[in-house]
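J.: The sequence and its predicted three-dimensional model are supplied below.
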Amino acid sequence: MPWLTSTVRVSPNVRRAQLVCLAVILCLGELCPGQGLKVPASVTAGDETIIPTTGSGKAIFYLWGPGVSSKSEISLGQEVHLHSRDLRNAGDYLAIVCSAVCRSSAFYVRAGKPAYLNFLVHPSRVPVAQGDAVSGVVLPFDEFHNLVPDVATVNFRLAAGSSSAGSPRAQMQDGVAWFRTTSGRSAGKLQVVATLDSLSSTRIVQQVASDPCNLRIKGERTPKSVVVETEPVHDCSGNPVPDGTIVTFSVTGAGGKSTVDAPIKQGIASAKIQASGSLVISAASGTVMGNELHVGGQP
Amino acid sequence: MKLALPTLLVAVTIGLMVIGFFGAGHSAGTVGIAAGSALPGLTPKAASPEQAVSSFLREIQRRHWDRAYAGLSGTSGIDEPSFIQDWTGGDGSLRTLSSLESFDVRPLHATDSVAQMRVHLHWTTPVGPLQDVRDLELTREGETWKVIWPKVQVPNLPAQVIPVNYLRWDLVNGNSDDDWGSHNVDAPHVRIVSMNAIDTAEGSAVMGEVVNEDTIPAFVNVNATLVDGSGNAIDEESSFDKIAHVLLPKQVSPYRIDFPNVGLKNVKNVRMDVKATLTPASADPVIGVMNQKIESAQGKSVLRGELLNQSGQTVNIPHVIASFYDNNGKVVWVADGYVDRALLPQTSEPFAVEIPNALAGKVQNFHAVVNEYSSGKS
């Protein structure tokens, strides 16, 4: 029976279909399931259990389940001990006893208590004040890495600095609970904690300044050039735009157009551009335009 | 009869050598090495300006610096080491990695004593072929024409300390055994802000601009797939070097993707794909693009300007990428050009990028960015 040696993991639906097919095949060969083989109605993953048998003499016992296939010699009339290591994976199992005829029964191994939470929060970095920008998904697993599909409530707790940023709750469905929320208005770390019973898991989302808002520049003429700089650059929530953000200055005059991509440094971007005569100076950061300055020529 | 074929071959070879030897100086519109003397030490005397320039450039091509320098007029006022460095470049510039593949010589003006010649120099470089155009002055000294090579103006930089306190971003990779989902850092958020597809002389091109909307630097590549009416991909190309790959936060770069030999008539759709990954970066050096103007030169439209290195670090290979807009603000062309001289601290170098004549009339505005390649930086 080469199919018994298979250890390929398959989905529960496929496995159930395989079990039904197997049962039909056994029936057609006068090896009907359930005749004289009592299996437990439900077993928890990692628990030991027993399967009583009837009759006398030697027989072969086969166990086929998710990631498990084993064959052993047993004495009919005695109990078959299934060890913890044989029942670690949740799912449908099939027990088969073969002597003169084969008898089989299916049973289900369910996941144990949640032992840890897989918690995925997206994104890792988010601009402030963005609707539905932060989402989190929790998947609880037992100690043998089986997804726990039981119905339960997961509490999420969001905190920016020392202040709370919300406490959404979510009911688990098929082993998954999730939330989605708007990012806060202040740049900085957003701590997201998911709690299920005594288990919790923490993730950090970096809230960053959004696009510059109301970008304003001022210019000062020197004998051979013009020094142009921005006012402190903030987003529309008042957060300073991070240093290193590029502000493009453009100076247009009789000598042509000069541009400098200057990084913001300590909140301000500045550039010194050699130009003379009447000038038009403008600034942009990304797709955000700033004000325009008109500087007259020196007498 | 047995010796007829070898005799014929020897005769033809000698004939070709004689034609090559004596015919070099008589060809009009000299083109590259094809017009050269194959025998070193037997260069004929430059009896005409064209002959003088051709001979001079052939020696340059062969890197016979002494002979090339001997072809200069005494009024040139340049010493041999400076002359050599003018041709071979320095400071890790693109010129140090280039070689003169061929040249064309065209007369501009000539009298009995002076002449002006225009030379088109065709360089092979690691970034592809580059063309350089120079106008050379020549003077007649006795029976020989000599090239006047202008003295190279080396920027005289005073010793100084330039404080650099710009930002730098480093990447720290987490341990592979970290808890799943606990230490992920998302890729930078980058967006294509404009796209235009046009037919070109070689095929077609897709161009536009891309912006880094994030607060961290991004390494960016733009890919495009041309799709026909049945939904099948016709061709797929990437922006390659026609983009500034490292974009600092809120920085905008033009991009152009060329599709050689593929016209747009069969294209129903263009699928764009921008890929951005985390990258370490530095906000230094800052390079200004100064005095940009669109001018006509030799029947071509070019964007000329100067690159000004505002930092204290040498930029070995500057690369200019410019987007050109029509009166609606649509990107109608993206052009790029490498500068073959290194950009020293606090100094400027001229640049020029060409605009196709068919599009030059549409151009109302432009925006140039500078890619920089510096030794010791990835």
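T.: Okay, I see it.

J.: Now do the domain split for chain B, please.
T.: According to automatic domain parsing, chain B comprises the domains B:29-148, B:168-173+B:182-281, B:285-373.

J.: so which helix or strand takes in residue B:319?
T.: strand B:317-325 (DSSP states H and E).

J.: do residue A:220 as well
T.: Secondary-structure assignment from DSSP H and E places residue A:220 in strand A:217-221.

J.: got a list of contacts for that strand?
T.: If you take Cβ atoms under 8 Å, 6 or more residues apart in numbering or on different chains as the criterion, strand A:217-221 is touched by A:226-231, A:249, A:279, A:281-283, A:290-291, A:293, A:295, A:298. In this view, the C-beta of every residue, glycine as well, is placed from N, C-alpha and C.

J.: Next SSE downstream of that strand?
T.: Next in sequence after strand A:217-221, counting helices and strands by DSSP H and E, comes strand A:225-230.

J.: That following strand pairs with which strands?
T.: strand A:217-221 (antiparallel), strand A:270-274 (antiparallel) (DSSP bridges).

J.: Just name the most buried of the ones you listed.
T.: Greatest average neighbour count among the strands paired with strand A:225-230 goes to strand A:270-274 (a mean of 21), per mean count of other Cβ atoms under 10 Å in any protein chain shown.

J.: Let's see if you can find the most crowded of the contacts of strand A:217-221.
T.: Across these, neighbour numbers were computed from other Cβ atoms under 10 Å in any protein chain shown; residue A:228 holds the maximum, 28 neighbours.

J.: That one pairs with what?
T.: When bridges are called by DSSP bridges, residue A:228 pairs up with residue A:219, residue A:271.

J.: And it, how close does it get to chain B?
T.: For residue A:228, the distance to chain B equals 12 Å [Cβ to the nearest Cβ, to the nearest Å].

J.: What is the nearest of the contacts of strand A:217-221 to chain B?
T.: Using Cβ to the nearest Cβ, residue A:249 is the member of the contacts of strand A:217-221 that lies nearest chain B, at 8.9 Å.

J.: Can you tell me which of the contacts of strand A:217-221 is closest to residue B:337?
T.: residue A:249 (22.4 Å; Cβ to Cβ).

J.: Now name the helix or strand holding that closest one.
T.: Going by DSSP H and E, residue A:249 is part of strand A:246-253.

J.: Then residue A:60?
T.: In this structure, residue A:60 sits in strand A:58-65 according to DSSP H and E.

J.: and the next element down the chain from that strand?
T.: Taking DSSP H and E, what comes next after strand A:58-65 is strand A:68-75.

J.: Show me the strands paired with the next helix or strand after that next one, marking each as parallel or antiparallel.
T.: Reading on from strand A:68-75 to the C-terminus, the next helix or strand found by DSSP H and E is strand A:80-82. With DSSP bridges as the test, strand A:80-82 is paired with strand A:49-51 (antiparallel).

J.: Quick check: mean pLDDT of the partner strand?
T.: Averaging pLDDT along strand A:49-51 yields 92.

J.: cool, stretch B:256-271 as well?
T.: In this model, stretch B:256-271 carries a mean pLDDT of 93.

J.: That stretch: how far from the chain's middle?
T.: Distance of stretch B:256-271 from the chain centroid (Cα atoms, centre = their mean, to the nearest Å) equals 25 Å.

J.: Same question for stretch B:267-285.
T.: With Cα atoms, centre = their mean, you get 23 Å for stretch B:267-285.

J.: Okay, buried residues for it please.
T.: B:267, B:270, B:274, B:276, B:278-279, B:281-285 (16 or more other Cβ atoms under 10 Å in any protein chain shown).

J.: What of stretch B:248-261?
T.: Of the residues in stretch B:248-261, B:248-259 count as buried by neighbour count, 16+ other Cβ under 10 Å.

J.: Likewise for stretch B:75-88?
T.: Judged by neighbour count using 16+ other Cβ under 10 Å, the buried positions of stretch B:75-88 are B:76, B:78, B:83-86.

J.: which residues touch it?
T.: Contacts for stretch B:75-88 (Cβ under 8 Å, 6+ apart): B:60, B:65-66, B:68-69, B:72, B:95-96, B:139, B:147-152, B:154.

J.: what about residue B:17, which SS state?
T.: Following DSSP: H, G, I helix; E, B strand; the rest coil, the label given to residue B:17 is helix.

J.: sorry, that was for residue B:103
T.: For residue B:103, the assignment made with three-state DSSP gives strand.

J.: State the number of residues packed around it.
T.: Residue B:103: 24 surrounding residues under other Cβ under 10 Å.

J.: was I right about it contacting residue B:56?
T.: No - with contact defined as Cβ atoms under 8 Å, residue B:103 does not reach residue B:56; the gap is 9.9 Å.

J.: which stretch of helix or strand covers the closest residue to chain B within the stretch 51-200 of chain A?
T.: Of all residues in the stretch 51-200 of chain A, residue A:120 sits closest to chain B, at 4.0 Å by Cβ to the nearest Cβ. In this structure, residue A:120 sits in strand A:116-122 according to DSSP H and E.

J.: So which elements touch that strand?
T.: Judged by 3 or more Cβ pairs under 8 Å, 6 or more residues apart in numbering or on different chains; DSSP states H and E, the packing partners of strand A:116-122 are strand A:134-141, strand A:188-196, strand A:199-208.

J.: List just the one of those strands that sits closest to residue B:211.
T.: Per Cβ to Cβ, nearest to residue B:211 of these: strand A:199-208, 15.8 Å.

J.: quick one: strands adjacent to that closest one?
T.: Using DSSP bridges, strand A:199-208 pairs in its sheet with strand A:125-127 (parallel), strand A:188-196 (antiparallel).

J.: Could you identify the helix or strand that succeeds that strand?
T.: Downstream of strand A:199-208, the first helix or strand assigned by DSSP H and E is strand A:212-213.

J.: that older thread, using TSV, lay out the strands paired with strand A:199-208 together with distance to residue B:226 and mean neighbour count.
T.: Listed next are those as TSV, based on distance: least, Cβ to Cβ, whole Å; neighbours: other Cβ atoms under 10 Å in any protein chain shown:
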stretch	distance to residue B:226	mean neighbour count
strand A:125-127	34	20
strand A:188-196	42	18
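
J.: mind putting these in a markdown table, distance to residue A:67 and mean pLDDT included?
T.: Putting the strands paired with strand A:199-208 into a markdown table (distance: least, Cβ to Cβ, whole Å; pLDDT from 0 to 100) gives the following:
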| stretch | distance to residue A:67 | mean pLDDT |
| --- | --- | --- |
| strand A:125-127 | 38 | 93 |
| strand A:188-196 | 26 | 94 |
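
J.: Any idea which of the ones you listed gets closest to residue B:227?
T.: Going by Cβ to Cβ, the one of the strands paired with strand A:199-208 nearest residue B:227 is strand A:125-127, 32.8 Å.

J.: which outside residues touch that closest one?
T.: A:133-134, A:183, A:190, A:205-211, A:235, B:185-186, B:214-216.

J.: From the residues you listed, keep the buried residues only.
T.: Using 16+ other Cβ under 10 Å as the burial test, these include A:133-134, A:183, A:190, A:205-211, A:235, B:186, B:214-216 as buried.

J.: From those residues, which shows the smallest pLDDT?
T.: Ranked by pLDDT, these bottom out at residue B:186, which scores 87.

J.: For my notes, confirm that one occurs in a strand.
T.: No - under three-state DSSP, residue B:186 falls outside any strand and is assigned coil.

J.: How about the residues of the stretch 101-250 of chain A by chain B?
T.: Residues of the stretch 101-250 of chain A found near chain B (Cβ under 8 Å from any Cβ of the partner chain) are A:118-125, A:203, A:208-209, A:211-212, A:242-248.

J.: I'd like to know which of these are buried.
T.: Using 16+ other Cβ under 10 Å as the burial test, those include A:118-123, A:125, A:203, A:208-209, A:211-212, A:242-248 as buried.

J.: So which helix or strand of chain B has the lowest pLDDT on average?
T.: Comparing every helix and strand of chain B by mean pLDDT, DSSP states H and E singles out helix B:4-23 as the least confident one, with a mean of 74.
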